[in-house]
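> structure, please.
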Amino acid sequence: MELFDVYPLFPINIVKGKGCRVWDEEGIEYLDLYGGHAVISIGHCHPHYVKMMTEQLNKLGFYSNSVVNKLQVELAHRLGRQCGYDDYSLFLINSGAEANENAMKLASFHTGRKRILAVEKAFHGRTSLAVEATHNPKIIAPVNNNNHVTFLPINDLDAWERELRKGDVACCIVEYIQGVGGIRLVTPEFIQGLRRICDETGTVLICDEIQCGYGRSGKFFAHQYAGVKADIVTVAKGIGNGFPMAAVLISPKFEAVYGRLGTTFGGNHLACTAAIAVLDVMENEKLVDNAAKVGNWLMNALKTANLSHVVEVRGCGLMIGIELDCPYKEIRRRLLFEEHCFTGCSGTNVLRVLPPLCLTVDEAGQFVEKLKKVLA
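Below is the predicted model:
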């Protein structure tokens, strides 16, 4: 049997990591400005994380959600306190797509409505409803194309209000910083206006913080820059630092009904241990503040470095997009194979910078020099 060929793979086998560095099987060291697609939040193989996971695995790796799991309770309390949503409830699952799928389903249960509004260039996942809310016809199968979702321009509040005033919208789902969409930011004025209109029309506001959340923006959640609260917040990626984990934060106004939501693996003992270890390190090492500080330094350095082929640098914290006047493919390849530096991408001409939140100013400076060399 062979692997189903769905990924264009770089011929590199990564076998070791530490902090913001990884090594391949030949011993070559790489600076990781990609974080495994924004998943590595506290750094590769953090000693506290490794210790907690090892100790838990020696005790119990898994049991079902048919019994009490006190780690879930501890995680809910800790996460609520650190992110500012302590009066919300937590539903634990395995992936970002599942988080968005359940969030939109909850909104439909709550309102009795079917329509969803999403932002043009949105990416919310690959499961049935999540992929329908993803603005990419190439990955939407005929069975998923059910006309539930209307895509609207980013930051065009008038267009959103016209749709919301029709009274048939179950929810609006918004990434405060679009990842796959090219690191495009929602304005505070837009999300504040959307919050107001959702309240007036009885519509659920979902903030997808799967990539831009968990400290990456320099606040725990990116939408907190606008001073608003979502009805539902979805998280994944950085919550487990590589262990499959996701969650839905749910407003008190939603009713919990037995059997309505469920999961086999979600919130298992290892997953909760991973998430608690991440919160420990984020708090003790002030990684949200570090993301803001180093991210601001890196953004400024990129903007003032007079880099060839750079059209625009945009983003927030350690979620940065570098728009080029040429396709990213060759630039990204040379960064990887000549300068030994991992970066991400979106569209055809945007480099995505998504490093672990422990990135230092020195490491950020090394990246700027590597990029300058490749672009020259």
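
> all helices of the protein, in order?
35-38, 47-59, 70-83, 96-111, 128-132, 157-164, 188-201, 269-284, 287-304, 328-337, 361-375 (DSSP state H).

> tabulate those (JSON lines), appending distance to Cys20.
No exception for glycine: its C-beta is placed from N, CA and C like everyone else's. JSON lines is the format used below for the helices of the chain (distance: least, CB to CB, whole Å):
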{"stretch": "helix 35-38", "distance to Cys20": "8"}
{"stretch": "helix 47-59", "distance to Cys20": "15"}
{"stretch": "helix 70-83", "distance to Cys20": "22"}
{"stretch": "helix 96-111", "distance to Cys20": "23"}
{"stretch": "helix 128-132", "distance to Cys20": "30"}
{"stretch": "helix 157-164", "distance to Cys20": "38"}
{"stretch": "helix 188-201", "distance to Cys20": "30"}
{"stretch": "helix 269-284", "distance to Cys20": "14"}
{"stretch": "helix 287-304", "distance to Cys20": "10"}
{"stretch": "helix 328-337", "distance to Cys20": "15"}
{"stretch": "helix 361-375", "distance to Cys20": "5"}
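
> winner for burial among those?
Highest mean neighbour count of the helices of the chain: helix 96-111, a mean of 23 (counted as mean count of other CB atoms under 10 Å).

> okay if I get the helices of the chain as TSV plus mean pLDDT and distance to Val353?
Listed next are these as TSV, based on pLDDT from 0 to 100; distance: least, CB to CB, whole Å:
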stretch	mean pLDDT	distance to Val353
helix 35-38	96	9
helix 47-59	98	23
helix 70-83	98	23
helix 96-111	98	19
helix 128-132	97	25
helix 157-164	98	29
helix 188-201	98	23
helix 269-284	98	20
helix 287-304	98	7
helix 328-337	95	11
helix 361-375	97	8
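
> need the contact list for the spatially most central residue of the chain.
Residue closest to the average C-alpha location in the chain (CA atoms, centre = their mean): Gln211, at 1.3 Å. Residues in contact with Gln211 (CB atoms under 8 Å, 6 or more residues apart in numbering) are 38, 96, 175, 177, 179, 237, 319, 354.

> swap in Val353?
Contacts of Val353 (CB under 8 Å, 6+ apart): 33-34, 298, 315, 318-322, 343-344, 367.

> repeat the analysis, applying 6 Å as the threshold.
Val353 makes contact with 33, 320, according to CB atoms under 6 Å, 6 or more residues apart in numbering.

> same deal with Pro356?
Counting by CB under 6 Å, 6+ apart, Pro356 has contacts 20, 35, 40, 43.

> quick check: the residue lying closest to Val143 once chain neighbours are set aside vs Asn102, distance?
The shortest distance from Val143 to any non-neighbouring residue, by CB to CB, 6 or more residues apart in numbering, is to Ser128 (7.8 Å). Note on Ser128: its distance to Asn102, by CB to CB, to the nearest Å, is 12 Å.

> now do Leu117
From Leu117 to Asn102 the distance is 18 Å (CB to CB).

> swap in Asp362?
Taken as CB to CB, the span from Asp362 to Asn102 is 41 Å.

> could I get the contacts of Gln211 as JSON lines with distance to Phe243?
Listed next are these as JSON lines, based on distance: CB to CB, whole Å:
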{"residue": "Ala38", "distance to Phe243": "15"}
{"residue": "Gly96", "distance to Phe243": "14"}
{"residue": "Glu175", "distance to Phe243": "23"}
{"residue": "Ile177", "distance to Phe243": "24"}
{"residue": "Gly179", "distance to Phe243": "20"}
{"residue": "Lys237", "distance to Phe243": "11"}
{"residue": "Met319", "distance to Phe243": "21"}
{"residue": "Leu354", "distance to Phe243": "18"}
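
> ok, back up a step: need the contacts of Pro356 in TSV with distance to Leu57, can you?
Shown next, in TSV, are the contacts of Pro356 (distance: CB to CB, whole Å):
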residue	distance to Leu57
Cys20	25
Gly35	24
Ile40	20
Gly43	20
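
> and the residues you listed, which is closest to Leu75?
Ile40 (19.2 Å; CB to CB).

> wait, what's in contact with the closest one?
Contacts of Ile40 by CB under 6 Å, 6+ apart are Pro356.

> torsion angles phi and psi at it?
phi -80, psi 100 (degrees, to the nearest 10).

> run through the residues that contact Ile322.
313, 351.
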